[in-house]
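# got a predicted structure here, sequence first:
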Amino acid sequence: MAEEELPGVLILDVGGTHGVLNNIAALLKKHFRLITMKEFIENKKEMSKKIQSVFVFECRPTIDRELLESLPNLKVIGNSGVGVDHLDLKMISNFGVKVTNTPHAVADPTADIGMALMLASARRLVDGNVLRFPGS
């Protein structure tokens, strides 16, 4: 499928401080035409019709009423994180837009860190490290 035929996905940016990671952008490019927020703002009239999805990465871009009103063909908002508390689900659903997230993406790593912290606490590993290596 040619890039022009692919549905558009709105992202904040690629790379940088708040942009989508390069490897995620590469994956998205297989299925979508990436449209950055800068491109969208510079050419809202043309770009608004092409965007069918918004990919929210680290709570960006902000999904508000103004953005939703400017995207008449928006079908889905994909959130790259577990929680959706930063999204107004009721408002979004009023526009007929679905919201997705990744609910189990960090379940195992979170459990691993929890166990590590409990073991470290029970065995006083931090105290032992400070006594063994003063000044660290």
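All right, it came through fine.
# alpha carbons only for contacts and neighbour counts from here, please
Fine.
# can you count the residues close to Asn9?
That one is not Asn; residue 9 is Val. Val9 has 23 neighbours, counted by other CA atoms under 10 Å.
# tell me the SS of it?
With DSSP: H, G, I helix; E, B strand; the rest coil as the basis, Val9 sits in strand.
# quick check: nearest residue in space to it, chain neighbours excluded?
Nearest non-adjacent residue to Val9, counting by CA to CA, 6 or more residues apart in numbering: Ser53, 4.6 Å away.
# quick check: that neighbour vs Asp85, distance?
19 Å (CA to CA, to the nearest Å).
# who has more neighbours, the two?
Ser53 (23 against 8).
# where does that one fall, secondary structure wise?
strand 51-56 (DSSP states H and E).
# ok, that strand: who's next to it in the sheet?
strand 8-11 (parallel), strand 76-79 (parallel) (DSSP bridges).
# looking at those strands, which is closest to Ala26?
strand 8-11 (12.7 Å; CA to CA).
# could I get the buried residue list for the helix or strand just after the closest one?
Using DSSP H and E, the helix or strand that follows strand 8-11 in sequence is helix 22-29. Judged by neighbour count (16 or more other CA atoms under 10 Å), helix 22-29 contains these buried residues: Ala25.
# hmm, who's touching helix 22-29?
Identification of contacts with helix 22-29 by CA atoms under 8 Å, 6 or more residues apart in numbering yields Val14, Gly15, Leu34.
# if any of those are buried, put those into a PyMOL selection.
PyMOL command restricting those to the buried ones, with burial defined by 16+ other CA under 10 Å:
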select buried, resi 14+34
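# nearest to Val126, of the contacts of helix 22-29?
Among the contacts of helix 22-29, and counting by CA to CA, the member closest to Val126 is Gly15, at 35.6 Å.
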